[in-house]
Structures are given as structure tokens and as C-alpha cells.
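Engineer: model the structure of this input:
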Amino acid sequence: MNLNIKVIIPAYNEQDSIGNVIRDIPKIVDEIIVVSNNSTDKTEENATKAGATVLTENRKGYGYACLKGMDYISKQKLKPEIVVFLDGDYSDYPEQLTELIAPIVQQDLDFVIGARVKELRETGAMTPQQIFGNWLATSLMKLFFNAHFTDLGPFRAIKYNKLLALDMEDKTYGWTVEMQLKALKQKLTYTEIPMKYRNRIGVSKVSGTVKGSIFAGIKILGWIFKYSFK
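Structural biologist: Numbers count the residues shown, from 1 in each chain. Predicted structure coming up:
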């Protein structure tokens, strides 16, 4: 079965890791799109050398970068069946992409989250605030929507037509939770796949700072409460 699969990788100053990420992505992927989110190092150069399509988005924000990648795909004549989102810090295992998309390919599900489960996670790979934030967000989604998510993991796959229907809009930290909330609202079929997770290369721009953690938490909770009372 020949599927057209695109991978979107938002990347801000990931020069030391981006080549590893691109190298480990399975060859079944048709195009790897790295969106440099105002990087000031050699992220763009190293991504190009590794064989990725490189776009630039000068407005800082995870969502801005993802939307830039989606806009690029929308202008292509041949649209993908599946879009995979993956971070550029090498904390995920890109070779597990085949496991991630399997429920879409084999069971015709719409949406799959790579769950960073404790037993497959390197010590220290997630900060205490990340672990708590994930628990709180997924617990609230279960309470309000009877959802079965356990993680807001950024390694995720979705059918392209379903992604478009979500009408994604968050520009910064709320991108992942917005996608999950809208998937619940639109009754997409979904599952989680347990994924390995290791300590990232470099310092996190979100969980690595107090300011980033607070703003991410506010954004995530804001989206949940917004949708809970709609």
C-alpha cells in the first residue's frame, strides 16, 4: 500500500539534533518538512544537508511552525494521506513512526498519539512539571469529555483530511491540546501507542524554563476550559 506521508518538524535552534532526527525517520515517508522557528544556529543548514525540505517561520511559537508546514502542504498538487508531527530535539525515536501510523493504516483510525509512558521513558526525560501538566490535562479531558488520552505527546499522526477539518489555530504552546480537544469534539477515532522517550539534546525552550512552563500550563488549561463550556 503506497501512502503519501509527510512529516512536519518544528525546530528552534536544534542544530545538534536535527540531523539525527531526519536520519532515523523511516524511508516510507515521502517528505520531511523542517520548519525553522526563527533559529539562529545551523538548524536550517544541517536539516538541508540531511535531506529535509526547510521552511522558515520567523514568528516564534510551536503552533506558528506547525501551521507553516501545513500551509506548505496545502499548496502541493499531491496531498498526503497522513501527516506526522515530530519534535526536532531527538527525544522521540523517529524509527517508531511505522508503529505510530499502524492504527491508521491497518485499522483506519483517524488520529494516533505517541504516549511517553513511564516504563519506556529515560530517567529525567520529562520534567516534574511536564509530568504533572500531562496528568492534569488528560485527567480534565477524561472528566469533561470521557477521553482516553494519557499524554499530550508531540509525536503524533493524523489523516490529512481530518487535520484540515480541525481548523487548527493555536500559535504557541496550546497546539497539541487543541488538536486533541478538537479531535474529541469532532468524534475522530483515535488511540495511543506507547513510545520510548529519551533525554533531549540541548535545553527545552518550554519545560526548561519557569516562564515557559507557566505559559504552557495556562495555554493548555485555557483550551480545556474553553471547550468544556462550549
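Engineer: for stretch 25-38, which positions count as buried?
Structural biologist: Across stretch 25-38, burial judged by 16 or more other C-beta atoms under 10 Å covers 25, 29, 31-37. Yep, even glycine has a C-beta here, placed from its N, CA and C like the rest.
Engineer: again with stretch 187-207
Structural biologist: Here stretch 187-207 shows 188, 190-198, 200-202, 204, 206-207 as buried, counting by 16+ other C-beta under 10 Å.
Engineer: ditto for stretch 47-64
Structural biologist: For stretch 47-64, by 16+ other C-beta under 10 Å, it's 47-48, 50, 52, 54-55, 57, 61-64.
Engineer: follow-up on the earlier one: out of the buried residues of stretch 187-207, list just those in strands.
Structural biologist: Residues of the buried residues of stretch 187-207 located in strands (DSSP state E): 190-194.
Engineer: so which helix or strand takes in Ile9?
Structural biologist: Element membership for Ile9 (DSSP states H and E) is strand 5-11.
Engineer: between the buried residues of stretch 187-207, which sits nearest Pro10?
Structural biologist: Lowest distance from Pro10 to these (C-beta to C-beta) belongs to Val206, with 11.4 Å.
Engineer: Gln186: neighbour count?
Structural biologist: 13 (other C-beta atoms under 10 Å).
Engineer: angles on the backbone of the closest residue to it other than its chain neighbours, please.
Structural biologist: Leaving out its chain neighbours, the residue that sits closest to Gln186 by C-beta to C-beta, 6 or more residues apart in numbering is Ala165, at 6.4 Å. Main-chain torsions, Ala165, degrees, to the nearest 10: phi -70, psi -20.
Engineer: ok, Asn4 touching Gln76?
Structural biologist: No. The pair Asn4 and Gln76 does not pass the contact test of C-beta atoms under 8 Å, sitting 9.5 Å apart.
Engineer: looking at the two, which one has more neighbours?
Structural biologist: A count of neighbours by other C-beta under 10 Å puts Asn4 above the other of Asn4 and Gln76, at 15 against 11.
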